[in-house]
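In: sequence? don't have it. structure:
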């Protein structure tokens with residue numbers, strides 16, 4: 001199997017983010033055919049079409065990172081039944097300028113992580129709506145809604161819940177197949 005470069009995009013900027021901890025756990029569980037790299041979206045200036053005449057350097061670098069990736073792994077918390085603004089901004093920045101969608105046609109998977117029982121269900125599906133528009137085929141199964149995140153990690157950020165670890169391992173195996181089937 002080919003080695004695929006996967007950009008990992010985390011929608012939470014919090015230092016102790018459960019989404020970031022989960023992303024790191026997924027990176028550790030990744031099959032050898034997937035090379036996962038966290039992308040920083042914290043410093044992306046808000047999208048404003050007026051800036052396209054002279055795009056901010058952060059936009060240029062981010063777009064180049066997206067273009068260089070073979071696929072994407074998105075992790076999102078749920079803010080007010082949707083995705084965080086910083087994540088939506090990253091999608092917008094990567095989809096422009098019009099006609100130059102950096103995301104186009106590359107496979108992805110979505111994981112929502114929450115301390116609550118709903119497990120970020122709304123955010124997961126709102127993110128999928130945006131991915132449809134930017135032509136990113138998102139893996140349908142297994143779905144990944146991680147709830148009760150506060151009890152899943154130790155004080156060093158290590159995943160300590162065996163059933164969650166087992167599920168995430170299965171998820172990454174399915175994602176490996178999804179990427180291999182759908183990568184350009």
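Out: Perfect, thanks for sending it. Remember, predicted model here, so these are calculated numbers, not experimental data.

In: tell me the bridge partners for the spatially most central residue of the chain.
Out: Among the residues of the chain, residue 74 comes closest to the average C-alpha position under C-alpha atoms, centre = their mean, at 1.2 Å. Beta-bridge pairing for residue 74 (DSSP bridges): residue 9, residue 110.

In: contact partners for it?
Out: Neighbouring residues of residue 74 by C-beta atoms under 8 Å, 6 or more residues apart in numbering: 9, 11, 87, 108, 109, 110, 111, 127, 131. The way it works is simple: take the backbone N, C-alpha and C, and place the C-beta from them, glycine included.

In: would you tell me which helix is longest in this protein?
Out: Taking DSSP state H as the assignment, the helix of the chain that covers the most residues is helix 162-182.

In: in that one, what's buried?
Out: Of the residues in helix 162-182, 164, 165, 168, 171, 172, 174, 175, 176, 178, 179, 180, 182 count as buried by neighbour count, 16 or more other C-beta atoms under 10 Å.

In: tally of neighbours for the residue found closest to residue 121 once you drop the neighbours it is linked to in the chain?
Out: In space, and not counting its chain neighbours, residue 121 is closest to residue 145: 5.6 Å by C-beta to C-beta, 6 or more residues apart in numbering. By other C-beta atoms under 10 Å, 19 other residues sit near residue 145.

In: doesn't residue 145 belong to a strand?
Out: Yes - Residue 145: assigned to a strand according to DSSP: H, G, I helix; E, B strand; the rest coil.

In: so it touches residue 112, yeah?
Out: Yes - assessed by C-beta atoms under 8 Å, residue 145 is found in contact with residue 112 at 5.4 Å.

In: what is in contact with these two at once?
Out: Any residue near both residue 145 and residue 112 by C-beta under 8 Å, 6+ apart counts here, and that gives 119, 120, 121, 124.

In: can you put those in CSV and add pLDDT and secondary structure?
Out: Below are the shared contacts of residue 145 and residue 112 laid out as CSV (pLDDT from 0 to 100; DSSP: H, G, I helix; E, B strand; the rest coil):
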residue, pLDDT, secondary structure
119, 84, coil
120, 92, coil
121, 92, helix
124, 96, helix
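
In: cheers, nothing more for now.
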